[in-house]
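Asker: Okay, structure incoming, though there's no sequence with it:
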C-alpha cells in the first residue's frame, strides 16, 4: 500500500498464476452522501462516468476493455462507488489511463444526462417489480429515521425526475478527487513497474477539497416499529431488521458468528459472494422455518458498513402460512441464542464456514482486488485482513450477549408484505 | 495440464490444477435435466436435485448437511435444461472427506415421503410467486410458443401447477434410477490439487458405483418446427412498474453445431459487445428506453432459440419493440460492418482464458466441454475457431438465425394492451 502526494491510496497485490490483471478504482461516496431531493445521484453519476471523457470517446470506454478480453462493471452502494476492469495483463496501462481519465474529465453532456435519466428510472422500476426489494426499501426507511442509509441507493422517482445536469456534475467534482479514492490492482504484474504506471497516470491529478463528512447519527430506537405493505405478489414476505454494528465495531465479528449459527453466515464479498451457492441447511433458521414447513426460503443479510446499519432476517412464507407464525419462530430462535444455547460445535461450524468463504471469495484476481478495495474504502483493508483472527476469537458468551442486547424487541423493525391482487401498486 | 480418465463404470473424471488457489470446485454432471422429465411430470428433475441431500445412504438430511457445513463446504444441486448438476466448493485439504460424503448423496438418495411432500408444497408456493414475476412469466410463455406439446424444452424446469402435485417419491426414485448413474456422467475438479491424485481419489470414492443406469451416449432432442408466422403473446401481470419482453427465433442452435463460432460472433455484435451490441446502442444508449437489453443463443443438446430480452416501462414497450425489430431486420438484410465483426471476434477470442480463472468457472467449463463432446482442448481451440470466422459466414448465420416474421414475442407486465395498440 502506498499513498501518493495527492492523497490517492494505492493497493497492489501480485498474483501471477495467469496473465490477467484486475483494476478497481473506488470512491468514498455512496447514498450516505446524498440528501432528500437528490437521492440516487451517486448511482446516476456512476452511469454518467461510462459516457466518455475529454480524452476517451464514449464508444471507446467499454470497447477497449472488451478488446482486451476483459469484463468491466461498476456499482454504487451505501458507502462506495466503484469501477473495475479485469483484462489480459498487457492492457494494464490502457486500463489505468481509462480510470485516471474517469476520475477527472468525464463529459456530462445535457443530451446524455437526459438519455440516462430514463435508463436509471427503468432500473428503479425493474427493482420495484420484485416484492422482496420493495419490502427491503420500506424496512430500511422505517428502521432508520435519520441516517442517510435510510433511502434506496437507486433513489426516489421524484428525485430522479428532478436532478439536473448541474447537480450531477457538482456531485462528480466534489467526490471524484484522488484524496477520496482508492486504486487497487491485483494480478499479473511486477509491483515496482505497476507503481510507476500508476504514478504516470495519477501523479499529476491535483488533490481536491476534502468531501464533507456524514454528520447525522441515528438516534437510539426505543420500541418496535412495524410496517405492513399490500402489493400484488405471489407470496407473503417477512423481514425483521435490527441495528447492526459498523465494520470497525468490536461486536462485528461476533455478529458474523451469530449469523453463521442463525442463518448460515454471510457472504464476505459484496460483489461476487454467494453467487450460485445454495442455502445452509444446518443453520437454525433453515431448520426452524424451511424444514418446519413455514417458509420456502429464509436468509439473512449483513453488510460491512462505515456507520451502524442493519442486520436483516427475511423469509418467504409458504402458501397458506400466516407470516406471524414465521415471526414467532424467528424470535424463538433469537431467544435460544440469547439464552446461551450456543455449543462448541455450533461455534466451530460457524467459524469454519466463515473461514472457507473468506478464502473462496478472494481467490480470483477480480475478487482479491474487490476485497482489498471495498474494505479500504469503507474502513481500512487491515480491518479485512484482521477478520479471520477476530472471528476465531469469538466466544459463545459474546454471541449470547449480542443476541440479547442487539436483537431485542425494543430495537427491531418488522416488515410484512402481503398479496393484494385488487389494488394497483404502480409507483 | 488438464487430465481426463474414464473409470470402468463409465464415469468420466476431468481434473485441472490451479496452484494459485487454496480451494477446489467439484462438479458432477448427469444427463438428467428437465428435458428428461417424464410426460406430464415436469419438475421431476428439479425435485430430484432438491432432494438428493435430504437423506440417503443411511444418513439423515441433518447429518448430511452437518457433514458438509462443519467443514465450511458449500453444496448445491440444480436441474438445468439438459443436465442435473451438483457442485461443491471446499478447501483443498477436505477433498477426500468431501468426495466420501458426496457419494451417498448422489448414489443413494432415499427420497423420504415426508421430505418429498414438503418439497412439493414448497415448489407450489414458488410457482405462485413465479406467476407474479414478469421475467419468469415471459420465459414460460416463450417456451410454450416455440416448442410443441411433448417437446423436452417446452415445460419450465421447476414444473407447473398441474404437473408438480402428480410427482411422488416413487417417481423421483425411478427418475434417479434411470438417469443418475456413473455411465455417461462427469466429475470435473479444478483447484489446488494434482490432477492424478484427483483422479485417484475420484476412483476410490466413485469407482465401485454401479447402481443407476445413467446415460449411454447422448440423447437426441428433436428440432422444434418453425412457427408458420409470427406469434405475439401478452401476459398481464398487475401492479408491476416495468414490463419484461422476450423475442425468440428458431431454428436456433445446438451446442455442437459447426455454426457455433459464427453464431457467437453474430450474437456478440447484435446484443453483447460493449453495452449490449447494436441492440444496446439503439435501445439503451441512444433512446434511454431500457436498463437492460441483450441477446443470447441458448444452445444445448437440442436447438435453443436466439432470444432478445429487455425490461422497459409499459409506455415504452411499443417503441422498444420497433427498435428491436428494425435492428434485427437491418442485421439480417445488410449484415454486420467489418469493424463490428472484427471487434466481436477479438473480444470473444481474448475472453476465453478468463473463463478458466476461477475454480467453479473452470470446473463448469470442463464439464461442459466433456458433456457436449467438444473435447477438453476446446477452450484452447475456441479462440482460433472464432478468429477464423469470415464475414460471409456471419452473414449466412444472420440469414439463418434471425428469422423475424416467424418469431415468437412475449410481453409480460401491466396494462399492455393499450401500450401495444
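Answerer: Sure thing, it's come through. Because the structure is a prediction, the values reported are computed rather than measured. Numbering: from 1, shown residues only, chains lettered A, B, ... in the order given.
Asker: Name the residues of the stretch 301-421 of chain B found near chain A, please.
Answerer: With the criterion set to CB under 8 Å from any CB of the partner chain, the stretch 301-421 of chain B comes near chain A through B:311-313, B:316, B:343, B:346-347, B:349-354, B:356-360, B:414. The C-beta positions use only the backbone N, C-alpha and C, and glycine is treated the same way.
Asker: try 7 Å this time
Answerer: B:311-313, B:343, B:346-347, B:350-351, B:353-354, B:357-358, B:360, B:414 (CB under 7 Å from any CB of the partner chain).
Asker: TSV for those, including neighbour count and distance to residue A:303?
Answerer: TSV is the format used below for these (neighbours: other CB atoms under 10 Å in any protein chain shown; distance: CB to CB, whole Å):
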residue	neighbour count	distance to residue A:303
B:311	23	25
B:312	30	30
B:313	20	30
B:343	21	38
B:346	19	38
B:347	24	34
B:350	20	34
B:351	22	31
B:353	16	33
B:354	20	28
B:357	21	26
B:358	24	23
B:360	24	23
B:414	21	32
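Asker: Can you tell me, leaving aside adjacent residues, what's nearest to residue A:62?
Answerer: Nearest residue to residue A:62, sequence neighbours excluded (CB to CB, 6 or more residues apart in numbering or on different chains): residue B:274, at 4.4 Å.
Asker: Equivalent analysis for residue A:102, please.
Answerer: residue A:49 (5.2 Å).
Asker: Which residues are in contact with that neighbour?
Answerer: A:83, A:102, A:106 (CB atoms under 7 Å, 6 or more residues apart in numbering or on different chains).
Asker: about what we covered before: closest to chain A out of the residues of the stretch 301-421 of chain B next to chain A?
Answerer: Relative to chain A, the closest of these is residue B:350; by CB to the nearest CB it sits at 2.8 Å.
Asker: isn't there a strand covering that closest one?
Answerer: No: using DSSP: H, G, I helix; E, B strand; the rest coil, the assignment for residue B:350 is helix, not a strand.
Asker: got the contact list for it?
Answerer: Applying CB under 7 Å, 6+ apart, the residues near residue B:350 are A:67-69, A:88.
Asker: Between all of those, which two are separated the most?
Answerer: Greatest spatial distance among those (CB to CB): A:67 and A:88, at 9.9 Å.
Asker: Can you give me the buried ones in the lengthiest helix in chain A?
Answerer: Secondary structure of chain A per DSSP state H: the longest helix is helix A:110-128. Buried residues in helix A:110-128, defined by neighbour count with 16 or more other CB atoms under 10 Å in any protein chain shown: A:112-113, A:115-128.
Asker: repeat for stretch A:57-74
Answerer: A:58, A:60-70, A:72, A:74.
Asker: interface residues of the stretch 1-150 of chain B facing chain A?
Answerer: Counting by CB under 7 Å from any CB, the stretch 1-150 of chain B sits next to chain A at B:18-23, B:65-66, B:69-72, B:74-76, B:89, B:91, B:118, B:121-122, B:124-126, B:128-132, B:134.
Asker: filter those residues to the buried ones?
Answerer: B:18, B:20-23, B:65-66, B:69-72, B:74-75, B:89, B:91, B:118, B:121-122, B:124-126, B:128-130, B:132, B:134.
Asker: From those residues, which land in helices?
Answerer: Checked against DSSP H, these include these in helices: B:65-66, B:69, B:118, B:121-122, B:124-126, B:128-130, B:134.
Asker: still on that earlier bit, at contact distance from chain B, anything in the longest helix of chain A?
Answerer: Yes: taking CB under 7 Å from any CB as the criterion, helix A:110-128 and chain B are in contact, through A:115-119, A:122-123, A:125-126, A:128.
Asker: contacts for that helix?
Answerer: A:40, A:44, A:47-48, A:51, A:133-134, A:154-155, A:157, A:160, A:165, A:168, A:427, B:241-242, B:284, B:288-291, B:311-313.
Asker: just stretch A:343-363 next, same as before
Answerer: A:256-257, A:260-261, A:264-265, A:267-269, A:272-273, A:282, A:367-368, A:371, A:387-388, A:391-392, A:396, B:21-23, B:69-72, B:89, B:91, B:358.
Asker: Could you check how far residue A:21 is from chain B?
Answerer: Taking CB to the nearest CB, to the nearest Å as the measure, residue A:21 falls 11 Å from chain B.
Asker: contacting residues around residue B:136?
Answerer: residue B:130.
Asker: Among the buried residues of helix A:110-128, which pair sits farthest apart?
Answerer: A:112 and A:128 (24.5 Å).
Asker: pLDDT below threshold where in chain B?
Answerer: Applying pLDDT under 70 to chain B flags the ranges B:212-215, B:417-421.
Asker: Surely residue B:128 touches residue A:232?
Answerer: No: taking CB atoms under 7 Å as the definition, residue B:128 is not a contact partner of residue A:232, at 12.0 Å.
Asker: near chain B, which residues of the stretch 251-400 of chain A?
Answerer: So the stretch 251-400 of chain A meets chain B at A:276-278, A:280-282, A:293, A:296, A:318-319, A:348-349, A:352-353, A:355-357, A:359-360, A:363-364 (CB under 7 Å from any CB).
Asker: Chain neighbours aside, what residue packs nearest to residue A:409?
Answerer: Closest to residue A:409 by CB to CB, 6+ apart is residue A:224, at 5.7 Å.
Asker: so how far is chain A from the residue sitting nearest the centre point of chain B?
Answerer: Chain B has residue B:80 as the residue nearest its centroid, 5.3 Å off, counting by CA atoms, centre = their mean. Using CB to the nearest CB, residue B:80 is found at 12 Å from chain A.
Asker: For that residue, which non-adjacent residue is spatially closest?
Answerer: residue B:33 is the one closest to residue B:80 (CB to CB, 6+ apart), at 4.8 Å.
Asker: ok, the one you found to residue B:26 distance?
Answerer: 19 Å (CB to CB, to the nearest Å).
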